[in-house]
Every structure is written in structure tokens, then in C-alpha cells.
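> quick one, structure for this:
(4 chains)
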There are 2 protein chains.
Amino acid sequence: MREFKRKARVLLIDDNADHLRGVKELINIETSYDVVGTTTSANMGINLVKKYQPDLVLMDINMPEKDGLQAIQEIEKLELGTKIIALSGYDDADLIFRAMKIGAKGYVLKTMASAQLIYAIDEVLNGKVYLPSALSSRFFEYFQRTFKEESASRSEENLLDYLTTREEEVLDLLTQGNNYKAIAAKLFISETTVKTHVNNIFQKLQVNDRTQAVLYALNNGFANKVRAKISA
Amino acid sequence: MREFKRKARVLLIDDNADHLRGVKELINIETSYDVVGTTTSANMGINLVKKYQPDLVLMDINMPEKDGLQAIQEIEKLELGTKIIALSGYDDADLIFRAMKIGAKGYVLKTMASAQLIYAIDEVLNGKVYLPSALSSRFFEYFQRTFKEESASRSEENLLDYLTTREEEVLDLLTQGNNYKAIAAKLFISETTVKTHVNNIFQKLQVNDRTQAVLYALNNGFANKVRAKISA
DNA sequence: ATTGATTTAAATCTAAAGATTTAGAGAATC
DNA sequence: GATTCTCTAAATCTTTAGATTTAAATCAAT
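The predicted structure follows:
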């Protein structure tokens, strides 16, 4: 599991100096990785990433000065392939979700056993994404809740269902920012016909103008609906 | 782990009759759960769910007749609180992602050890979401790839960055479907001023009308941007 | 102190959007 | 065969929307 061509280089960022020392010693004693730097400042950490280009960063995300999540995003923007494991005191689902969303390859609680942290480091350095099962469970619940609302609002009464296929085509072109002339050209019909369709769409969606129609469509899964029809 | 007030009721759906029998025996021998029904047809499975209202459904998602994912969605729509574990022969990231997205509480490969399946059933019946770590790794890679594109296009050149705060407020109201008059009223400024702002927004976003402006905003993380400022 | 950016505002004009009515042709339903 | 639905189209009219120019007040920064 833990064979590397060269010793993997690790950078530690944690505003708690005690915890920082503890993790550093843990890595030095229990693994063959090199701790190339430690810092209690997120901003300094970003500079050290640029300087040392470590393979892995352990990032505390509960820091007062700068948000650790923001720091992760900035490191990701550098596109150095730096792998990041978020360290946190909280198993808050929203935090976990946001960390993973912006590209963290792992998320470990500070209260977890040292072996858990080392295992996570090993896995991530081996190119995997690792979340302890207790946390991945949290993540998935949050994930499903997030996507549930979409399908829930879609299951109620979706005014989009009343549209005819032609009206769907017109609305699709509306959601791409086309005006009457462009829609007429693309559908090979007259501009007045397009106006008729658009007005009917407004009636059915109970809106007053194209912007509202487009917003309704986007907020009620129109794109998914159209793509589903195309792929079916 | 495996204490229930009443014996949990399980329904098996798998077009492979042999596999179906095998899983049924496995559950009968190794667990205390009741297999209340088995079927090789997805449509029949949905009917059986309505009839028996099982606690858990094991759903094969690689069936010829009907797509297992679609069947999962239909069961979810019934809102009976039925927990579903997807069974599949493939560890395809897209399949895993889609299954979890529509509400599957687990995803287990047919090639996995029996113990793995039983563990997944236990966990899910205990209210958890369970993905074997090999598969959750796949899931997360897919998840991050999906969200990466968003932040990537955001990191390039985001024309939204050139907007002034007032212009952001106006655009925010545009993305809610307001016309000039409504925006003027909400910002306590004249309609002509709003027009000026809107025209400046068009220039900066390089678009021709409000619909395109709204679409640009939504496709480039405008909502997130505004909310971030508010919460900061 | 002056420059530059932002916010405000008005006037004017053209173009586009939206509302409403009417209507014919074809397909599907009953 | 009659009816309903969909797609097509035009005419007319009113209302927004959008382009362009000009300009005053405010404010931050050099």
C-alpha cells in the first residue's frame, strides 16, 4: 500500500499549534512520508503550497482567520495536482459536502483515531478518494436530500407537462437565449407562429414574459426533461 | 446491529432467476429478515412494493425489459419510505452516481462477497446509506468531476467579476424575473436608472438582452456569488 | 486637488416583445 | 361525420425593452 518511488511530501495547515505538532510527529513516526512544512496560517499555507508543491495537504477547515474551505479552493485553482484532506472538529453534513464538492480528496475528524488518519493519507496518496464510512453516510444523506427537492418539486404539478412538443421545442430555444427571429429560423416557421407558441407557453406556465418562462423551465427540470426525451 | 421490533420485510427484484434464488436463500439462512416476495420483472416488482410495502428492496438495475433505475424512481415516488439497494454487475461510476442520486440507499456489486451484501442490508435497514468503499471512491471521483467543470469555468474569466455592486443587485433582480418597473420600485431608483444599469450589464456580460444576461448569470455561479457575499 | 469610477437620471429613438383575435389544415379521438 | 387538439399564420395594437448620448452628484484614491 505504502510504496512510492520517492517519499511523498506532506504539508500541514492547522491553526492549533499543538494539534499541528501532534500530527507531524504521528506522520514522522508512523509513516515514511516527509512533512515538508507546517503552518498555522491558511494564507501562509497557500504560499507554502506554491513553494514546495507537496503531494498532499492536510487542511484544518475550522480556522478563525481564513476559511479553510476557501483555502482549499485557492489551492485547487493552482492546478498543481495537490491532494487535499480536510481536517475538522465537526461531522457537519454541510461542511463535508462542501469540502468534497470543491475537490477535497478526504475528510477526517480530529477526534478520530490516528490510524484512521494515516489510512486516509495512504488511500488518498494512492489516488483514491477517502471518507470514513461514518462520514460518507452523512454525505450521502445530504446528497440525497439536495437532489430530492428537485424531483419532489417535479412530482407535484409541473406546468411544463401541459406543453405540446412544439411548445417544448420553442421553450428549449428560449432557454438558450434566442429571440423570435432566431427561433423562427431554427424551426423553419414564421416569426408570427413563434409568437403564437410563445404566448401559449406564457399562458400555460402562468408567466408574463420570456425571462420568467425561462426561469420556470430551468427551476422545474426542463433541461433534464428534454434531454431524457432525446436520449429515449 | 440486527435487532428489529418486527422482522424486516425484504423484496427481491432480479431478472436472473438463479441469482434471485441464491440471494433469497442467503437472506433466509444468514439473517432474520423475511423475504416477502421475489420477482424477475421490474413492473411486477413495483406492484409487489405497493402490495407488501416492504422495508427494503434489492433491485437489480441491469434488466433488459425495464430499466432498474427507472423502477427505483417509481418506487421512490410512492413515498412509502421503502429503502432500496441497487444490485449491479458493473461498477460504472455513472450508474452508481445515478442510483444514489435518485435515492438508492446502497449499491452492491453482484460479484461481491455475500457478507458484503448482508452488511449493506443491515446498515441500510438501520437507516444508514451504505456504499462499499471501493464504490464510494468511484462515486466521489465522479461527483468531483461533475462539480469541477462548474468551478473551472468559473475560474477562467468570469465576466460577472466586472460588475459593480449596484449592477449585481440589478442582475439579481433580473434573475428573479423582474421588469424595469419592478426593479426600480425595489431599489427605490428611477426606471431610467435601471435601464442604464441594465445596459451596462449587457455590455459587460457581452449579451444582447435580459434573457441572455440571466442565463449567463445562472451558468456562471452568480447565485452562489451573491449568497456568499450576503453570508460573509 | 484632480482623476477615475460609481450611481443616479433624463431624453430620444428604434426595435423587439407581448396581447388579442381570427383562421385554415391536418391528425386524432369519439 | 363531428369534434377537439395541434401547428401554422397574419393583422393589429400596446407596451416593454434596448441603444445612445449627455450629465450631475458622490466617493475613493493618487
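
> tell me if the host helix or strand of A:Thr192 is near chain B.
Using DSSP states H and E, the element containing A:Thr192 is helix A:191-205. No - applying CB under 8 Å from any CB of the partner chain, one finds helix A:191-205 out of contact with chain B, separated by at least 11.2 Å. In this view, the C-beta of every residue, glycine as well, is placed from N, C-alpha and C.

> what's downstream of that helix, the next helix or strand?
Along the chain past helix A:191-205, the next helix or strand (assigned with DSSP H and E) turns out to be helix A:210-219.

> what is the burial count for the residue nearest to A:Leu215 when sequence neighbours are not counted?
Spatially, and ignoring its direct neighbours in sequence, A:Leu215 is nearest to B:Gly177 (5.3 Å; CB to CB, 6 or more residues apart in numbering or on different chains). For B:Gly177, the number of neighbouring residues by other CB atoms under 10 Å in any protein chain shown comes to 19.

> now swap in A:Arg210 and tell me
When counting by other CB under 10 Å, one arrives at 23 neighbours for A:Arg210.

> tell me the secondary structure for the nearest residue to A:Ser190 once chain neighbours are set aside?
The shortest distance from A:Ser190 to any residue that is not its chain neighbour, by CB to CB, 6+ apart, is 6.0 Å, and that residue is A:Ala184. Put simply, A:Ala184 is helix when judged by DSSP: H, G, I helix; E, B strand; the rest coil.

> ok, A:Ala184 - contacts?
Contacts for A:Ala184 were tallied using CB atoms under 8 Å, 6 or more residues apart in numbering or on different chains; they are A:190-191, A:193-194.

> what does A:Asp60 show for phi and psi?
For A:Asp60, the backbone dihedrals are phi -70, psi 130 (criterion: degrees, to the nearest 10).

> I'd say it and A:Leu11 touch.
No - assessed by CB atoms under 8 Å, A:Asp60 is found out of contact with A:Leu11, at 11.9 Å.

> would you mind measuring from A:Lys186 to A:Thr192?
16 Å (CB to CB, to the nearest Å).

> same deal with A:Ile13?
According to CB to CB, A:Ile13 and A:Thr192 sit 63 Å apart.

> swap in A:Asp91?
Taken as CB to CB, the span from A:Asp91 to A:Thr192 is 60 Å.

> so A:Ala93 sits right up against A:Phe140, yeah?
No - the pair A:Ala93 / A:Phe140 is not scored as a contact, 9.4 Å apart, by CB under 8 Å.

> more neighbours, A:Lys186 and A:Thr192?
A:Lys186 (15 against 10).

> and the more buried one, how close does it get to DNA strand D?
For A:Lys186, the distance to DNA strand D under the criterion CB to the nearest atom of the strand, to the nearest Å works out to 11 Å.
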